[in-house]
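Trainee: what would the 3D arrangement of this be:
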Amino acid sequence: MDVTHLAAVDSARAARVLSEVRAARLAGQPAPVPPRPVIERSWERMLRGGIDPDHGVRADPLSREEVQRRRETSVLRHVLPVLREGLLAAADVAHHIMVVADEDGRVLWREGSPPVLRKADGLGFEPGADWREDVVGTNGVGTPAVVRRPVQVFASEHFVRSQAGWTCAGAPVTDPRDGRLLGVVDVSGPLETMHPATLAWVGSVAKLAEARLREMHTESLERLRAVAAPVLARLGGRALVVDPDGWTAAVSGMPYVRRVALPKSLSAGPVRLPALGPCTVEPLAGGWLVRAAADEPVPHGPARIVLDLSQARRWSVEVRGGAGSWVRELSPRHAELLYLLAVHRSGRSASGLAGDVFGDPARTVTVRAEMSRVRRYLGAFLEHRPYRFAEEAEVEVLLPADPRDLLPHSTAPAVSGRRGAAAAP
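Mentor: This is a model prediction of the structure:
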């Protein structure tokens, strides 16, 4: 059954069918039609997590002060004009609201049709509310954050009964630099306002927001590069200028590196960085000047690498070695690749990884490009031909409590196969 098109023709009939599907699934009985795969997998997560389908849970909303603090520090504040221009006018006419949540699923902005806003208040869909999937069930904010792609949730596709009168379409907004989740933009409204084009519309606007963030990043590096040029011209030895997040604007006396892992709290003075060893850092307008100690080799040797895949939306790699310890958050694709290399310690060729990730061994160009990006921050601890962790490195993988929650966004055949094996009796 194509729920989207049936709902566009007869929303009441589609809602009745989905209600029967949900009731049968919760009762462990055969459903008249199967739920959509993205919804069925979400329901399975809810059942394993113990979410109450009939009553649900409302977490206490954040205070006004905390909502304001998050608004002022969220990167999404920079693309609100893009989201409003792309979504608000049509949403108001169609009796929808636009909701923007942060990476923690907390609603930060909510605008649109006043009558719909009042209905949303009754549902707890308000500023500061927690709409993570593992808190309030399958929905248009929490589910896209887990699977990392746009998702439409119609009527009783919502796991919690009280949300069945709504239709929601949400899309994740990710950092175009490294794939990190920044938040979710969602368009929601009463059941009868459902339209089959809404999902594509919301997804397109989310991509426009990401494109704007990419432009802003490029512009900020260009400004920092202008500041860096005269400074680097006066220096000898290895030096580079990076922005506050470690992205490189300019280098001198050393090969270009795209990004340097910086400590969370950085201050002027001596510091040890993973890629450079002992350094001194000095503040510049819009960034940092990093000067490597003379003749200090890039650190190699034994290291402990912890790949943390235990959380639903935040994957990271931590390296503990001779240059100290550092942690880097991983994009969905890099999390997949490093997991596969951890599983196959003897290594994987580019074609092997292409088959693992895409089901197509011929997609080696894409794999090599991604592995080149991985090696920019793990270069001292990764080998190639085949790709593998350094033999002397100790690698530990932290997995979810339920193996079926392993990288839930991933459609890679090798990852899906391991989830399926874990689900088998």
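Trainee: low-confidence stretches in the stretch 101-250 of the chain?
Mentor: For the stretch 101-250 of the chain, no stretch has pLDDT under 70.
Trainee: in it, what residue spans correspond to strands?
Mentor: 107-112, 151-154, 166-174, 181-190, 239-242, 248-252 (DSSP state E, counting those that start in this stretch).
Trainee: JSON lines for the ones you listed, including mean neighbour count and distance to Pro81?
Mentor: Where you see a C-beta, it was placed from the backbone N, CA and C, and this is true even at glycine. Below are the strands of the stretch 101-250 of the chain laid out as JSON lines (neighbours: other C-beta atoms under 10 Å; distance: least, C-beta to C-beta, whole Å):
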{"stretch": "strand 107-112", "mean neighbour count": "21", "distance to Pro81": "12"}
{"stretch": "strand 151-154", "mean neighbour count": "28", "distance to Pro81": "25"}
{"stretch": "strand 166-174", "mean neighbour count": "26", "distance to Pro81": "14"}
{"stretch": "strand 181-190", "mean neighbour count": "25", "distance to Pro81": "13"}
{"stretch": "strand 239-242", "mean neighbour count": "24", "distance to Pro81": "28"}
{"stretch": "strand 248-252", "mean neighbour count": "20", "distance to Pro81": "26"}
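Trainee: out of those strands, which is closest to Arg373?
Mentor: Proximity to Arg373 (C-beta to C-beta) singles out strand 248-252 among the strands of the stretch 101-250 of the chain, at 13.5 Å.
Trainee: show me what that closest one is packed up against.
Mentor: Secondary-structure packing of strand 248-252 (3 or more C-beta pairs under 8 Å, 6 or more residues apart in numbering; DSSP states H and E): helix 198-233, strand 239-242.
Trainee: Pro263: which of these is closest?
Mentor: When the helices and strands packed on strand 248-252 are compared by C-beta to C-beta, strand 239-242 sits nearest Pro263, at 12.4 Å.
Trainee: helices of this protein, residue ranges please.
Mentor: 3-9, 11-27, 37-49, 64-73, 80-83, 89-93, 114-123, 133-136, 142-147, 198-233, 332-343, 350-358, 364-378, 413-423 (DSSP state H).
Trainee: most tightly surrounded among those helices?
Mentor: Across the helices of the chain, the average number of neighbours (mean count of other C-beta atoms under 10 Å) peaks for helix 142-147, which reaches a mean of 27.
Trainee: tabulate the CA atom coordinates of that helix in CSV.
Mentor: What follows is helix 142-147 as a C-alpha-only set of coordinates in CSV (Å, rounded to 0.1, in the frame of the first residue of the first chain):
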residue,chain,number,x,y,z
GLY,A,142,13.0,12.2,16.6
THR,A,143,12.9,9.6,13.8
PRO,A,144,14.7,11.6,11.1
ALA,A,145,17.4,12.3,13.7
VAL,A,146,17.9,8.6,14.3
VAL,A,147,17.9,7.4,10.6
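Trainee: which other helices and strands contact that helix?
Mentor: So helix 142-147, by 3+ C-beta pairs under 8 Å, 6+ apart, packs with helix 37-49, helix 133-136, strand 151-154, strand 166-174, strand 181-190.
Trainee: go through the ones you listed and name the closest to Phe358.
Mentor: Across these, Phe358 has its closest neighbour in helix 37-49 (18.3 Å, C-beta to C-beta).
Trainee: quick one: the closest one to chain centroid distance?
Mentor: Remark: helix 37-49 is offset 19 Å from the chain centroid, using C-alpha atoms, centre = their mean, to the nearest Å.
Trainee: spatially nearest residue to the residue nearest in space to the middle of the chain (excluding sequence neighbours)?
Mentor: Closest to where the C-alpha atoms of the chain average out (C-alpha atoms, centre = their mean) is Leu181, at 2.9 Å. Among residues not flanking Leu181 along the chain, Glu103 sits closest, at 4.8 Å (C-beta to C-beta, 6 or more residues apart in numbering).
Trainee: if we can go back for a sec, and the helices and strands packed on strand 248-252 as a markdown table, adding distance to Ile97?
Mentor: Converted to a markdown table, the helices and strands packed on strand 248-252 look like this (distance: least, C-beta to C-beta, whole Å):
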| stretch | distance to Ile97 |
| --- | --- |
| helix 198-233 | 12 |
| strand 239-242 | 40 |
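Trainee: out of those, flag the one nearest Leu353.
Mentor: That would be helix 198-233 among the helices and strands packed on strand 248-252, by C-beta to C-beta, at 25.5 Å.
Trainee: sorry, back to before: Pro413 is nearest to which of the helices and strands packed on strand 248-252?
Mentor: Judging the helices and strands packed on strand 248-252 by C-beta to C-beta, what sits closest to Pro413 is helix 198-233, at 24.2 Å.
Trainee: what packs against that closest one?
Mentor: helix 80-83, strand 151-154, strand 166-174, strand 181-190, strand 239-242, strand 248-252, strand 277-284, strand 287-292.
Trainee: adding distance to Thr174, write the helices of the chain out as TSV.
Mentor: Putting the helices of the chain into TSV (distance: least, C-beta to C-beta, whole Å) gives the following:
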stretch	distance to Thr174
helix 3-9	24
helix 11-27	29
helix 37-49	18
helix 64-73	17
helix 80-83	14
helix 89-93	22
helix 114-123	25
helix 133-136	17
helix 142-147	10
helix 198-233	6
helix 332-343	9
helix 350-358	18
helix 364-378	15
helix 413-423	19
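Trainee: related to what we said a few turns ago, list the residues that contact the residue nearest to the centre of the chain.
Mentor: Going by C-beta atoms under 8 Å, 6 or more residues apart in numbering, Leu181 touches Glu103, Ala145, Arg148, Pro172, Val173, Thr174, Asp175, Arg313, Arg314.
Trainee: most widely separated two among these?
Mentor: Farthest-apart pair in these is Val173 and Arg314; separation 15.5 Å (C-beta to C-beta).
Trainee: and the gap between the residue of the chain most remote from its centre and Leu382?
Mentor: No residue in the chain sits farther from the centre than Arg234, which is 40.5 Å out by C-alpha atoms, centre = their mean. Noted for Arg234: a distance of 35 Å to Leu382, by C-beta to C-beta, to the nearest Å.
Trainee: go on, Met371?
Mentor: Following C-beta to C-beta, the distance that separates Met371 from Leu382 is 8 Å.
Trainee: still on that earlier bit, looking at the strands of the stretch 101-250 of the chain, which is nearest to Glu40?
Mentor: strand 151-154 (12.4 Å).
Trainee: other SSEs contacting that closest one?
Mentor: Judged by 3+ C-beta pairs under 8 Å, 6+ apart, the packing partners of strand 151-154 are helix 3-9, helix 11-27, helix 142-147, strand 166-174, helix 198-233.
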